[in-house]
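J.: my questions concern the predicted model and sequence given below.
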Amino acid sequence: MFGFFNRFLSHDLAIDLGTANTLIYAKDKGVILNEPSIIAVQENEHHQESTIAIGTEAKKMLGRTPASIRVVRPMKDGVIADFELTGKMLKHFIRKATEGRPSRVVICVPYGATQVERKTIAESAKAAGASDVFLIEEPMAAALGAGLPVNEAAGCMIVDIGGGTTEIGILAMNEVVYANSIRTAGNAFDEAIILYARREFGIIIGDVTAENIKLNIGTAYPVENVESMIITGRSISKGTPRTFSINSNEVFEALKDPLNRIIQAIITSLELTPPELASDIISRGLVLAGGGALLSNMDRLLSEATGLPVIIAENPLCCVARGTGYALDLIGTQHPILSQIP
């Protein structure tokens with residue numbers, strides 16, 4: 001009876017535990033939390049660490065903290081890099097979303113995540129107060145969130161460009177027929193911009209500046225109407241602050257290498273797709289999800305590289321969280337797209 005009332009009072013949640021952002025979806029409410037996957041900790045004179053900020057507040061501290069404060073992304077390439085900090089971050093987000101009540105949760109994991117990585121994610125959720133933990137693979141969650149008919153015999157293709165990984169999935173009959181996960185995505189774009197600024201301008205810029213460049217003038221394809229930004233960084237030669245201008249076509253040059261890696265992964269996936277499903281994909285097209293889908297001209301680049309029509313999903317940033325949320329209705333049905341970690 002106590003179990004019944006606990007379940008009745010709890011909130012079932014879907015969590016997109018991403019490298020860049022964590023989104024929490026509640027049934028009948030939609031996305032109720034969207035914050036950076038960042039935590040700030042401070043070390044005292046006894047070498048003990050305490051949490052001082054999580055999420056949006058912690059992101060404001062990036063690149064602006066003294067030596068005693070670490071600003072950390074506990075998720076790396078879609079999996080947990082720091083178990084303890086991930087647990088603290090998850091507990092904070094779940095309590096913020098549910099007023100501290102325990103919940104059953106569905107969490108998406110990158111395709112190909114090992115059993116150890118899956119168990120680590122589940123244990124973090126349980127340490128944060130979840131009563132039961134179910135996992136769904138990211139390509140399936142992204143496809144559900146994009147509204148693709150994954151239950152049909154005809155094939156559909158989803159490319160989810162997140163913060164740490166790009167997930168490519170060919171799906172049919174509620175199964176992932178073929179999938180690939182590469183560790184090239186939004187964070188790799190930022191790193192490429194940082195390297196370009198260092199190489200071409202002799203300027204050191206931080207992650208936040210690189211992300212602003214990407215969001216404001218980034219493009220995946222050369223453009224005629226060139227936009228530019230004035231950026232301040234630190235001169236390598238003099239060590240003093242220096243201002244420089246960078247334009248959208250220069251950002252494209254910076255992004256060529258990670259973009260080519262994504263293109264190659266998509267082409268390889270298409271080559272390994274069964275012929276019958278390939279014909280379905282040619283007629284239906286490729287669907288883009290994730291924050292990387294918002295990079296200007298990304299659809300044009302991929303369409304030209306693959307010869308397929310490319311469609312950007314509605315609200316691509318929330319696709320995975322939305323699809324993971326739809327899976328909440330499948331808890332207790334033994335549906336193949338969900339797995340429970342005991």
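T.: Thanks, I have the structure now.
J.: endpoints of stretch 94-114, how far apart?
T.: Using CA to CA, to the nearest Å, the end-to-end distance of stretch 94-114 comes out at 25 Å.
J.: list the buried residues for the longest helix seen in the chain?
T.: Longest helix of the chain, by residue count under DSSP state H: helix 248-271. Applying a neighbour-count criterion of 16 or more other CB atoms under 10 Å, one finds 248-252, 254-255, 258-259, 261-263, 265-266, 269-270 buried in helix 248-271. Bear in mind the C-beta positions are built from the backbone N, C-alpha and C, glycine included.
J.: for Ile282, which three-state class applies?
T.: helix (DSSP: H, G, I helix; E, B strand; the rest coil).
J.: which ones are touching the closest residue in space to it that isn't next to it in sequence?
T.: Excluding the flanking residues, the one nearest Ile282 by CB to CB, 6 or more residues apart in numbering is Leu308, at 6.5 Å. Residues near Leu308 by CB atoms under 8 Å, 6 or more residues apart in numbering: Met157, Ile281, Ile282, Gly285, Leu286, Leu302.
J.: confirm Leu308 sits in a strand?
T.: No - with three-state DSSP as the criterion, Leu308 is located in coil rather than a strand.
J.: distance of it from Val79?
T.: According to CB to CB, to the nearest Å, Leu308 stands 29 Å off from Val79.
J.: how about Ala154, what does it touch?
T.: Contacts of Ala154 by CB under 8 Å, 6+ apart are Ala172, Leu277, Asp280, Arg284.
J.: how does it look with 7 Å?
T.: Ala154 is in contact with Ala172, Asp280, counting by CB atoms under 7 Å, 6 or more residues apart in numbering.
J.: next, give phi and psi for it.
T.: Dihedral angles of Ala154 (phi, psi; degrees, to the nearest 10) stand at phi -70, psi 150.
J.: for Glu117, helix, strand, or coil?
T.: Three-state call for Glu117 (three-state DSSP): helix.
J.: pLDDT value on it, please?
T.: Glu117 is assigned a predicted lDDT (pLDDT) of 86.
J.: following the chain onward from the one helix or strand Glu57 maps to, which element is next?
T.: According to DSSP states H and E, Glu57 maps onto helix 56-59. The helix or strand immediately downstream of helix 56-59 is strand 69-72, counting by DSSP H and E.
J.: who are the packing partners of that next one?
T.: Using 3 or more CB pairs under 7 Å, 6 or more residues apart in numbering; DSSP states H and E as the contact criterion, the neighbours of strand 69-72 among helices and strands are strand 39-43.
J.: do you know how far Gly233 is from Lys59?
T.: In this view, Gly233 and Lys59 are 19 Å apart by CB to CB.
J.: so for stretch 35-46, what gets flagged as buried?
T.: Residues of stretch 35-46 classed as buried: Glu35, Pro36, Ser37, Ile38, Ile39, Ala40, Val41 (neighbour count, 16+ other CB under 10 Å).
J.: for stretch 134-152, same thing?
T.: Quick answer for stretch 134-152 (16+ other CB under 10 Å): 134-146, 148, 150.
J.: for stretch 172-179, same thing?
T.: Ala172, Val176, Val177, Tyr178, Ala179.
J.: and these as a markdown table, adding distance to Met229 and secondary structure?
T.: Below are the buried residues of stretch 172-179 laid out as a markdown table (distance: CB to CB, whole Å; DSSP: H, G, I helix; E, B strand; the rest coil):
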| residue | distance to Met229 | secondary structure |
| --- | --- | --- |
| Ala172 | 43 | strand |
| Val176 | 40 | strand |
| Val177 | 42 | strand |
| Tyr178 | 39 | strand |
| Ala179 | 36 | strand |
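J.: will you turn the residues you listed into TSV that also has pLDDT and distance to Lys119?
T.: Listed next are the buried residues of stretch 172-179 as TSV, based on pLDDT from 0 to 100; distance: CB to CB, whole Å:
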residue	pLDDT	distance to Lys119
Ala172	92	29
Val176	89	20
Val177	90	26
Tyr178	91	25
Ala179	91	20
